[in-house]
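*Asks:* Next one to model:
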Amino acid sequence: MSTIQEILSQFNDAANAKLNEEQIRSALNNLKPNHTGQDLEHLDMEIMAFGFDEDQHDSPWNTYFGPLVTYGNNDGTVFEWPSIKSVDLNTITYWEKRADEVLNPFLKARYLGVVWEFKKKVIGVDPNHDICRQYIDALLEVANRDLSLYEYDGSVKAKRALALAVSLNDKILKEKCKTCIIAFEERHAIDDKPGLWGYSFDLLLGNRKIELTPSEEKKIIADLEAKLCRLSEGTDDRKIDPWSAEQAAERLATYYRRKNKTEDMKRVIMIVGEAYSKIESSGSAMQVSGWLEDLRQLYIRYNLNDQAHEVLLKIRELGPKVASEMGTISHQFQISKEKRDYIVAAMTSGSKEEILNKIIAQYIPDLDETQQRVFELSKKAPIAYLMSTQLHDDQGRMIARIGSLKDDLDGHVVRQLSEDLYITAISLRLVLNGAIQEKGLIAPDILQFIRRSPVIDSDRIEIIEAAINAYFRRDFLVFIHLVIPQIEEGIRNIVEYAGGNVLKPQRDGSGFHLRTFDDLLRDSIIKQALGDDLTNYFRVVFTDQRGWNLRNKVCHGLADPNVFSQQTADRVLHTLLCLGTLRKKTE
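*Replies:* Sure, this is the predicted structure:
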């Protein structure tokens, strides 16, 4: 049976072995079943030291090191491992002792790192700056000797060393860090792996606290220019790679813009555009449309507006081809008659007003619940939430993009809510049909319910009555066209009645125009009056391009004829009923 010392010694004595924290942590974890008492306590401290995830930008503790694993429990609490709550004086003392004992810089860097990061945070005692200097030296030795198992990890350690040297304002250490970073990138840069290059530029160039010689600055720029050339033109053994070329070009463009070299800025960005043009024939219309949208955004960022307009025309031309490539994905499921009857009976008991209130409450999506479900789904299918997604309209035009879950939580929640509305539309139809067929719900009942709301002006009742009558005649085309503008007017009335502003000045300063529906739904007055769930629901149904976006589709003539269906009409009727619940606040 191996001991803690034997396991750690094999790493400590491996002078030039490439290591990572997971190797050490896994080897130590294997010892746990055979240890008890103080040995187990020390083992847990060792595992914890190598368990923290480094370079966490969103650490819940506002620290460089953060938990490796975090997830929500069913009771609403959050589980995290390792937890800062497990670190105490005894733990810090143990890590300080281990830092003095080990010789391997990889191990020494980790022990010194957790001591430096957590000593003040946990026990309120400032660690000696000598600890930080030793930590920096250990990190630099790991990077200079390439002791990290993965090259990227070595660059992370060099980056950490630089940040600490700057915080100490130690000129000698800053110079060491600069030399290390430049040399590390020279050894490991691979053109088509952007994560392995670019950090000399990112960390050193333009950093006022780092002194670069003119020759060093010139070399960093020259290396990026050469890389951009190779990536955009291709080589005998490597294809054209506009995505990696864009990584080089954006750095160069940022540099040239800072130096007021506008022509050079435009030149490097245009090189990326040429690279995309060279590979257009190799992709499907949908792929090329996505590539061109990326390029258009790149042009806009660097004020190449004419070029951005030309790309937009290309995207529009590709629309029909994109539409022809899109397929239908369907999923079938069954609801038993017993379950259908139970749902309808439960939702249609009581008076007609009680039935309407039940329908309103039941079919407003819960924002928090949806967000939690997105997190759960991301655990089951993580790949789908790591990549961005493009949304296209019926003509194949790209109308929105949803980023990765980390970068665009709101986009994923909106998409999930939008999909949920299609699913819940089935039971909404059953319940509405039951209320109409079995409980005798008729158009005047709905009109009476609506007209009591103060946000529905009396002069709009005639229009709403005509719309509701059309709904009951199954003339959904007329119903949807008539009622959506009245819902928008109701939202506008909420803002106006509460003392808010519904006007925006025109760009030329000659007058005012009404705020858009989406702009109104983002007003704090609306959020206060309707609450987050209902406000978000209205945005998904009416104004968000990642959702149903009915207001914009219908009012701008973009809606496919299939949009004017029973399913859409039921959902629009439900939103109208939601406005009908509002009452004027009394003293």
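
*Asks:* so residue 103 sits in a strand?
*Replies:* No: going by DSSP: H, G, I helix; E, B strand; the rest coil, the assignment for residue 103 is coil, not a strand.

*Asks:* Quick check: it vs residue 467, distance?
*Replies:* Distance, residue 103 to residue 467, by Cβ to Cβ, to the nearest Å: 80 Å. Where you see a C-beta, it was placed from the backbone N, CA and C, and this is true even at glycine.

*Asks:* quick one: which of the two has more around it?
*Replies:* Comparing residue 103 with residue 467 by other Cβ atoms under 10 Å, the one with more neighbours is residue 467, at 25 against 9.

*Asks:* Can you name the helix or strand that the more buried one falls in?
*Replies:* helix 461-472 (DSSP states H and E).

*Asks:* after that helix comes which helix or strand?
*Replies:* Using DSSP H and E, the helix or strand that follows helix 461-472 in sequence is helix 476-497.

*Asks:* what helices or strands is the helix or strand just after that following helix leaning on?
*Replies:* Downstream of helix 476-497, the next assigned helix or strand under DSSP H and E is strand 503-505. For strand 503-505, the packing partners by 3 or more Cβ pairs under 8 Å, 6 or more residues apart in numbering; DSSP states H and E come out as strand 512-514.

*Asks:* give me the low-pLDDT residue ranges for the stretch 201-350 of the chain?
*Replies:* Applying pLDDT under 70 to the stretch 201-350 of the chain flags the ranges 326-333.

*Asks:* one more time with 80
*Replies:* Within the stretch 201-350 of the chain, the stretches with pLDDT under 80 are 234-238, 319, 322-323, 325-337.

*Asks:* In this structure residue 290 contacts residue 391, no?
*Replies:* No: using Cβ atoms under 8 Å as the test, residue 290 is too far from residue 391 to be in contact (11.0 Å).

*Asks:* Pick out whichever of these two has more residues nearby.
*Replies:* residue 290 (20 against 17).

*Asks:* phi, psi of that one?
*Replies:* phi -70, psi -40 (degrees, to the nearest 10).

*Asks:* Can you classify the residue lying closest to it once chain neighbours are set aside as helix, strand or coil?
*Replies:* Nearest residue to residue 290, sequence neighbours excluded (Cβ to Cβ, 6 or more residues apart in numbering): residue 390, at 5.3 Å. Per three-state DSSP, the local secondary structure of residue 390 is strand.

*Asks:* And the pLDDT at residue 390?
*Replies:* Predicted confidence (pLDDT) at residue 390: the value is 73.

*Asks:* That one bridge partners, please.
*Replies:* Beta-bridge pairing of residue 390, defined through DSSP bridges, involves residue 401.

*Asks:* Quick one: residues contacting it.
*Replies:* Counting by Cβ atoms under 8 Å, 6 or more residues apart in numbering, residue 390 makes contact with 286, 289-290, 293, 398, 400-401.

*Asks:* from those, which two are the most distant?
*Replies:* Spatially, the most separated pair among these is 286 and 400, at 14.6 Å (Cβ to Cβ).

*Asks:* Strands along this protein, start to end?
*Replies:* Secondary structure of the chain (DSSP state E): strands located at 69-72, 78-81, 389-392, 398-402, 503-505, 512-514.

*Asks:* And the longest helix anywhere in the chain, what does it pack against?
*Replies:* When the chain is parsed with DSSP state H, its longest helix is helix 409-437. In terms of contacts (3+ Cβ pairs under 8 Å, 6+ apart), helix 409-437 is packed against helix 337-347, helix 352-362, helix 367-380, strand 398-402, helix 524-538, helix 566-580.

*Asks:* in the stretch 401-550 of the chain, which segments are predicted with low confidence?
*Replies:* By pLDDT under 80, the low-scoring segments of the stretch 401-550 of the chain are 401, 506-511.

*Asks:* cutoff 90 now
*Replies:* Within the stretch 401-550 of the chain, the segments meeting pLDDT under 90 span 401-412, 438, 457-459, 497-499, 501-515, 528-529.

*Asks:* ok, for residue 489, nearest residue in space, not its chain neighbours?
*Replies:* In space, and not counting its chain neighbours, residue 489 is closest to residue 460: 6.5 Å by Cβ to Cβ, 6+ apart.

*Asks:* To residue 252, which of the strands of the chain lies closest?
*Replies:* Checking those against residue 252 by Cβ to Cβ gives strand 398-402 as the closest, at 25.0 Å.

*Asks:* Residue 351: how many residues sit nearby?
*Replies:* Residue 351 is flanked by 9 other residues according to other Cβ under 10 Å.

*Asks:* What score does it have for pLDDT?
*Replies:* pLDDT for residue 351: 92.

*Asks:* Could you give the backbone dihedrals for it?
*Replies:* Note on residue 351: backbone dihedrals following degrees, to the nearest 10 are phi -70, psi 170.

*Asks:* mind checking how far it is from residue 451?
*Replies:* To residue 451, residue 351 is 17 Å away according to Cβ to Cβ.

*Asks:* again with residue 544
*Replies:* To residue 451, residue 544 is 29 Å away according to Cβ to Cβ.

*Asks:* Comparing those two, which residue is more hemmed in?
*Replies:* Neighbour comparison, residue 544 and residue 451: the larger count goes to residue 544, with 23 against 15 (by other Cβ under 10 Å).

*Asks:* separation between that one and residue 323?
*Replies:* Distance of residue 544 to residue 323, given as Cβ to Cβ: 22 Å.

*Asks:* do the same with residue 335
*Replies:* Distance, residue 335 to residue 323, using Cβ to Cβ: 33 Å.

*Asks:* More neighbours: which of those two?
*Replies:* Taking neighbours as other Cβ under 10 Å, residue 335 and residue 323 compare with residue 323 leading, 16 against 11.

*Asks:* hmm, who's touching stretch 261-277?
*Replies:* Residues from elsewhere that reach stretch 261-277 (Cβ under 8 Å, 6+ apart): 225, 228-229, 231-233, 240-242, 245-246, 248-249, 252-253, 256-257, 291-292, 295, 298-299, 302, 304, 307, 311.

*Asks:* For residue 204, see how far away the residue nearest to residue 206 when sequence neighbours are not counted is.
*Replies:* Of all residues not flanking residue 206 in the chain, residue 258 sits nearest, at 6.8 Å (Cβ to Cβ, 6+ apart). Distance, residue 258 to residue 204, by Cβ to Cβ: 14 Å.

*Asks:* Pick out whichever of those two has more residues nearby.
*Replies:* Between residue 258 and residue 204, counted using other Cβ under 10 Å, residue 204 has the larger neighbour count: 21 against 11.

*Asks:* Verify the stated contact: the more buried one with residue 181.
*Replies:* Yes: between residue 204 and residue 181 there is a contact at 6.4 Å, judged by Cβ under 8 Å.

*Asks:* Could I have the CA atoms of stretch 200-212 written out in PDB?
*Replies:* What follows is stretch 200-212, C-alpha atoms only, in PDB (Å, rounded to 0.1, in the frame of the first residue of the first chain):
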ATOM      1  CA  SER A 200       2.900  38.100 -26.100                       C
ATOM      2  CA  PHE A 201       0.700  40.700 -27.900                       C
ATOM      3  CA  ASP A 202      -2.100  40.400 -25.300                       C
ATOM      4  CA  LEU A 203       0.000  40.600 -22.200                       C
ATOM      5  CA  LEU A 204       2.900  42.800 -23.200                       C
ATOM      6  CA  LEU A 205       2.100  45.100 -26.100                       C
ATOM      7  CA  GLY A 206       0.300  48.200 -24.800                       C
ATOM      8  CA  ASN A 207       0.800  47.200 -21.200                       C
ATOM      9  CA  ARG A 208       2.100  50.400 -19.700                       C
ATOM     10  CA  LYS A 209       3.600  48.600 -16.700                       C
ATOM     11  CA  ILE A 210       5.900  46.500 -19.000                       C
ATOM     12  CA  GLU A 211       8.900  48.000 -20.800                       C
ATOM     13  CA  LEU A 212       9.300  46.600 -24.300                       C
END
